[in-house]
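**Q** Structural data only, the sequence is not supplied:
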């Protein structure tokens, strides 16, 4: 019975995370943490959730604890690289991205080969001081764009998300958020599809993939409606 409940907590937490509900995801993994505080699924997922919530210190505690207990791995190097990247530690980010790329799972044909594009691009940024400074500016623009979006200024937010992605081509959340605004606030599904495609090439996750599907569905609906307005073709 305990194992069954633990499985439910993990599933509910992962579903909430995919849906972007970080608070609910954390709630379910906290329940799982009470049952198995040192399991990989608890340490890794709470580390990733805390990072997404902007709590870099909390994320570091979980991810370092996982590494101390279970050793080095592709996932641990990649997660700690992203943490260093977001917190501004250029040397640590570069070291961790290089270590993640050296893991067999990240090799061409490996299980996580799809992650190579993002890892290689971020390693290049971490190796170039000028590119690194642009990535820091990109993060500031991203935060401003979120504030504009949440304050009811979708067009301003869209422009800022695009600028953030121009400064740091690996800033896939900016691409994804700009795509969402293009689709939902600006009625431009073609641009949304292009932005979601770029985001998906960097982060092949289910949420971005679903957004890409929604853009395609919106284009199909519009094309169908345009066909109705034209009416039947006369012979």
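**A** Great, that's in hand. On a predicted model such as this, the values are computed, not experimentally measured, just so you know.

**Q** contacting residues around the helix or strand encompassing residue 164?
**A** Residue 164 belongs to helix 154-167 when assigned by DSSP states H and E. Helix 154-167 is contacted by residues 134-135, 137-139, 141-142, 144-146, 148-149, 171, 174-175, 177-178, 181-182, 185-186, 198 when judged by CB atoms under 8 Å, 6 or more residues apart in numbering. From N, CA and C alone the C-beta is placed, and that goes for glycine too.

**Q** Which of the residues in that helix are classified as buried?
**A** Neighbour-count burial for helix 154-167 flags 154, 157, 158, 159, 160, 161, 162, 163, 164, 165, 167 (criterion: 16 or more other CB atoms under 10 Å).

**Q** Please apply the same query to stretch 213-231.
**A** For stretch 213-231, burial by neighbour count (16+ other CB under 10 Å) applies to 214, 215, 218.

**Q** Looking at those residues, which are in helices?
**A** 214, 215, 218 (DSSP state H).

**Q** if we take these, which one ends up nearest to residue 66?
**A** Residue 66 has its nearest neighbour among these in residue 214, at 33.9 Å by CB to CB.

**Q** separation between the nearest residue to that closest one once chain neighbours are set aside and residue 217?
**A** In this structure, residue 214 finds its nearest non-sequential neighbour in residue 183, 6.6 Å apart by CB to CB, 6 or more residues apart in numbering. Distance of residue 183 to residue 217, given as CB to CB, to the nearest Å: 10 Å.

**Q** Repeat that for residue 158.
**A** Taken as CB to CB, the span from residue 158 to residue 217 is 21 Å.

**Q** Could you do residue 148 as well?
**A** Relative to residue 217, and taking CB to CB, residue 148 is found at 27 Å.

**Q** Ok, residue 47 next?
**A** Separation of residue 47 from residue 217 (CB to CB): 34 Å.

**Q** Check residue 189 too.
**A** 8 Å.

**Q** same thing with residue 130?
**A** From residue 130 to residue 217 the distance is 41 Å (CB to CB).

**Q** Also residue 184?
**A** According to CB to CB, residue 184 and residue 217 sit 13 Å apart.

**Q** try residue 73
**A** When distance is defined by CB to CB, residue 73 is 37 Å away from residue 217.

**Q** Same question for residue 211.
**A** 11 Å.

**Q** Same check on residue 44?
**A** Counting by CB to CB - residue 44 and residue 217 are separated by 33 Å.

**Q** swap in residue 120?
**A** When distance is defined by CB to CB, residue 120 is 32 Å away from residue 217.

**Q** Against which helices or strands is the one helix or strand residue 190 maps to packed?
**A** Using DSSP H and E, the element containing residue 190 is helix 189-202. Here helix 189-202 touches helix 116-126, helix 172-184, helix 206-230, going by 3 or more CB pairs under 8 Å, 6 or more residues apart in numbering; DSSP states H and E.

**Q** To residue 88, which of those lies closest?
**A** The nearest among the helices and strands packed on helix 189-202, by CB to CB, is helix 116-126 at 10.8 Å.

**Q** just the angle between whichever helix or strand comes after that closest one and helix 172-184, please?
**A** Toward the C-terminus, helix 116-126 is succeeded by helix 129-150 as the next helix or strand (DSSP H and E). Compare the direction of helix 129-150 with that of helix 172-184 by axes from the mean of the first three to the mean of the last three CA atoms, to 10 degrees and you get 40 degrees.

**Q** Contacts only, for residue 41.
**A** 10, 32.

**Q** For it, give its distance to residue 35.
**A** Plainly put, residue 41 is 11 Å away from residue 35 if you go by CB to CB.

**Q** ok, now residue 44?
**A** Using CB to CB, residue 44 is found at 16 Å from residue 35.
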